[in-house]
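1. return atomic coordinates for the entry below.
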Amino acid sequence: MPNSSESNVATADALTLLLHNQHALAAAIEEVMKWLSENGVETVAENAVGAMETLDANAKAITDAIMRLRQI
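-> The predicted model follows:
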C-alpha cells in the first residue's frame, strides 16, 4: 500500500486533471452562451450562466483541496 504522501500526490494529480477538464468545459459553455445570446436565445443563455456559476464554485473547492493535499 502506498504511503500517505504518495496517495496525496496521486489524488492531487487526479484532481488537477479534473480541474483542467472543468476549465475546458467552462470555456465551451461560455462559447455556447455567447452564440446563444447573439442569436436571440437569451433564456437558454441565462440557464448556461447557472452552469458556469456551479463550475466556478466547484473549481474553487477543487483548487483548495489540491492545495491542501500538496501541502501535506
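2. the host helix or strand of residue 50 packs against which elements?
-> Assigned by DSSP states H and E, residue 50 belongs to helix 42-71. Under the contact criterion of 3 or more Cβ pairs under 8 Å, 6 or more residues apart in numbering; DSSP states H and E, helix 42-71 touches helix 4-38. Backbone N, C-alpha and C define where each C-beta goes, glycine included.
3. ok, the spatially most central residue of the chain to residue 72 distance?
-> Nearest to the geometric centre of the chain sits residue 22, at 3.0 Å (Cα atoms, centre = their mean). Residue 22 is 23 Å from residue 72, where distance means Cβ to Cβ, to the nearest Å.
4. same deal with residue 29?
-> According to Cβ to Cβ, residue 29 and residue 72 sit 33 Å apart.
5. again, but for residue 53
-> Residue 53 is 30 Å from residue 72, by Cβ to Cβ.
6. same thing with residue 15?
-> Distance from residue 15 to residue 72, by Cβ to Cβ: 13 Å.
7. okay, those two: which has more neighbours?
-> Neighbours per residue (other Cβ atoms under 10 Å) separate residue 15 from residue 72, with residue 15 holding more: 16 against 10.
8. the more buried one against residue 64, yeah?
-> No. Using Cβ atoms under 8 Å, residue 15 is not in contact with residue 64; the gap is 10.1 Å.
9. ok, how many other residues are close to residue 24?
-> 10.
10. for it, give me the pLDDT.
-> Note for residue 24: predicted pLDDT of 95.
11. if I look at it, how far off is residue 41?
-> 23 Å.
12. ok, now residue 7?
-> On the measure of Cβ to Cβ, residue 7 and residue 41 end up 46 Å apart.
13. show me the contacts for residue 30.
-> residue 52 (Cβ atoms under 8 Å, 6 or more residues apart in numbering).
14. I figured residue 37 hits residue 45, correct?
-> Yes. Between residue 37 and residue 45 there is a contact under Cβ under 8 Å: 4.6 Å.
15. give me the helix or strand of the protein that scores worst on average pLDDT.
-> helix 42-71 (a mean of 91; mean pLDDT, DSSP states H and E).
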